[in-house]
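In: Sequence first, then the predicted structure, then my questions.
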Amino acid sequence: MVIMKIFVINTGSSSIKYELFDMDHHKIAAEGMAEKIGEDSGILTHKKILANGESKKKVEEGVIADHYDGLNRIVELLIDPEHGVIQDKAEISAVGHRVVHGGEEFQSTTIIDENVIAAIKENIPLAPLHNPSNLMGIEVAGSIFPDSPQVAVFDTAFHQTIPMKAFLYAIPFEMYEKDRVRRYGFHGTSHAYVSEKAAEYLGRPLGELNLITIHLGNGASIAAIRNGKCVDTTMGMTPLAGLVMGTRSGDVDPALHFFLADHLGMSLKEINTLLNNESGLKGMCGTNDMREIIKKKDAGDAQAKIALEVYTYRIKKYIGAYFAALESLDGLVFTAGIGENAPYIRELCCRGLHKMGIEIDPEKNNRTGNGIRKINSPVSEVKVLVIPTNEELKIAQETKRVIESEIKARS
Ligand code: AMP
């Protein structure tokens, strides 16, 4: 069996995001998203990617009854004579699913069977918002593509090499043993992808590299990577920990919760909403769009200025912490929407770190570009790289890899 067309899906509670990869030609053939599933009116946006890299878009509005209906309509578009890219759904060799929480069971990508489904269910308490939707995606795809193998790629898997001293919280040990309370980390697919790309770019084996990878999107996290393996990360048991994010606070004093409850009379649900949806950049300066915040700062807005200082100071502190944890560093990698596109942020994060061997070249940093680029000065001991992330491609590659090795093992 030749694995050529891989369908990648990321299922949310009311959405299905998808890409169809043509692995033979290393490109996306089609992509899109079904949104507002189960609501009064849904939207299905489908793009067929043309040979010249441009896309032909089709938007359908109307009720999308449920995830099954949503995925069925996506498949109809994929095989549509005008907007489609395949003749028959049987051409899809495999389906790769983004699954948020794999707990401690999954250290790597896995072919989905009943035991895997049961284990993802077991991890629902650790990711109550995400794992149920991911399971729904697996169930629906299983019924629509009964003959294609399905694969789970976990956001947590890359971080399973983190040692106990870095993942254990200093609370009673039974809570780890019985209730699985510990640091897990997320964005693993992105950290794994950019670390592999960094090794390729630097022309060195990943297993010999110490890296700090900084994923700055609407969600944000840093990973410390020693000899190619993750040894620490900023997100914790949930994605709320660590860096300041678009709407998430990142690290706060854990006793803040008691203050909010005792003095402001907030319920646990309200505190959860406050810290996840109303904090971070948005809480500090009214918006979580980094382009807008930088514009406001340039126009003299004091709140935008301090929000950027808090945001970049937190990143800089973690660079220092992870440098100490790794003891030596080969590369610092910026990725995701902000990391790839905001030179001002990269500059603030690295400013004054020349004694740690980190020095950005302002001209290289300010140059715009789409691909991988090196932005450190010639004297900087640490290579500073900007690497576009591509979690969907990584999911497709992982899906191909595990299925091919299964086929090989059987033959
Ligand atoms: P992501 O979650 O990776 O899509 O990243 C979203 C974040 O990237 C948002 O805060 C955007 O404002 C930010 N972003 C996207 N493009 C730019 C840009 N050119 N300059 C600064 N921030 C950007």
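Out: Arrived safely, thanks for sending.

In: burial measure for Ala192, as a count.
Out: The number of residues packed near Ala192 is 25, by other Cβ atoms under 10 Å. Yep, even glycine has a C-beta here, placed from its N, CA and C like the rest.

In: my guess is it is in a helix, correct?
Out: Yes - counting by DSSP: H, G, I helix; E, B strand; the rest coil, Ala192 is located in a helix.

In: Check the gap between it and Arg183 for me.
Out: Going from Ala192 to Arg183 by Cβ to Cβ, to the nearest Å gives 17 Å.

In: Ok, Asp40 next?
Out: 40 Å.

In: Tell me which of these two has more neighbours.
Out: Of the pair Asp40 and Arg183, Arg183 is the one with more neighbours under other Cβ under 10 Å, namely 20 against 6.

In: Now do the contacts for the more buried one.
Out: With contact taken as Cβ atoms under 8 Å, 6 or more residues apart in numbering, Arg183 is in contact with 159, 162, 166-169, 233, 235-237, 241.

In: just for this structure, where's the confidence low?
Out: Filtered on pLDDT under 70, the chain yields the residue ranges 1-3.

In: where's the residue nearest the centre of it relative to Glu391, distance?
Out: Nearest to the mean C-alpha position of the chain, counting by Cα atoms, centre = their mean, stands His187 at 3.6 Å. Distance of His187 to Glu391, given as Cβ to Cβ: 8 Å.

In: measure the residue nearest to the centre of the chain to Phe334 for me?
Out: 13 Å.

In: got it, and Tyr184?
Out: On the measure of Cβ to Cβ, Tyr184 and Phe334 end up 23 Å apart.

In: likewise Gly320?
Out: Separation of Gly320 from Phe334 (Cβ to Cβ): 16 Å.

In: Comparing these two, which shows the higher neighbour count?
Out: Phe334 (28 against 12).

In: following the helix or strand hosting the more buried one, which helix or strand shows up next?
Out: If you go by DSSP states H and E, Phe334 is part of strand 331-335. Once the chain leaves strand 331-335, the next helix or strand it forms, by DSSP H and E, is helix 336-341.

In: what packs against that next one?
Out: Contact here means 3 or more Cβ pairs under 8 Å, 6 or more residues apart in numbering; DSSP states H and E; on that basis helix 336-341 packs against strand 211-216, helix 343-350.

In: And the residue of the protein that's closest to the ligand?
Out: Nearest residue of the chain to the ligand, counting by Cβ to the nearest ligand atom: Gly337, 2.1 Å away.

In: Skip the chain neighbours and tell me the closest residue to that residue.
Out: With sequence-adjacent residues excluded and distances taken as Cβ to Cβ, 6 or more residues apart in numbering, Gly337 is closest to Gly217, at 4.6 Å.

In: At which residues are the strands of the stretch 151-300 of the chain located?
Out: With DSSP state E, counting those that start in this stretch, the ranges of strands along the stretch 151-300 of the chain come out as 211-216, 220-226, 229-233.

In: Relative to Lys48, how far out is Val85?
Out: Following Cβ to Cβ, the distance that separates Val85 from Lys48 is 6 Å.

In: Which neighbours do those two have in common?
Out: Each of 29-30 lies in contact with both Val85 and Lys48 under the rule Cβ under 8 Å, 6+ apart.

In: and the stretch 101-250 of the chain, which residues reach the ligand?
Out: Proximity of the stretch 101-250 of the chain to the ligand (Cβ under 6 Å from any ligand atom) is limited to residues 217-218, 246.

In: switch to 8 Å and redo it
Out: Taking Cβ under 8 Å from any ligand atom, the part of the stretch 101-250 of the chain that reaches the ligand is made up of 215-219, 246.

In: Just to check, the residue of the chain closest to the ligand is in contact with Asn288?
Out: No - between Gly337 and Asn288 there is no contact under Cβ atoms under 8 Å: 10.7 Å.

In: Spell out which residues are contacts of both of these two.
Out: Common neighbours of Gly337 and Asn288, counting by Cβ under 8 Å, 6+ apart, are Asn218.

In: Can you give me the end-to-end span of stretch 44-60?
Out: The first residue of stretch 44-60 is 5 Å away from its last residue (Cα to Cα, to the nearest Å).

In: ah, wrong one, I meant stretch 108-128
Out: Terminal-residue distance, stretch 108-128 (Cα to Cα): 21 Å.

In: Mean neighbour count, the strands of the stretch 151-300 of the chain: which tops it?
Out: Most buried of those by mean neighbour count (mean count of other Cβ atoms under 10 Å) is strand 211-216; its value is a mean of 28.

In: Now do that strand: which elements does it pack against?
Out: Right, strand 211-216 is packed against helix 188-202, strand 220-226, helix 302-326, strand 331-335, helix 336-341 by 3+ Cβ pairs under 8 Å, 6+ apart.

In: For His159, which non-adjacent residue is closest in space?
Out: The nearest residue in space to His159 (Cβ to Cβ, 6+ apart) is Gly185, at 3.3 Å.
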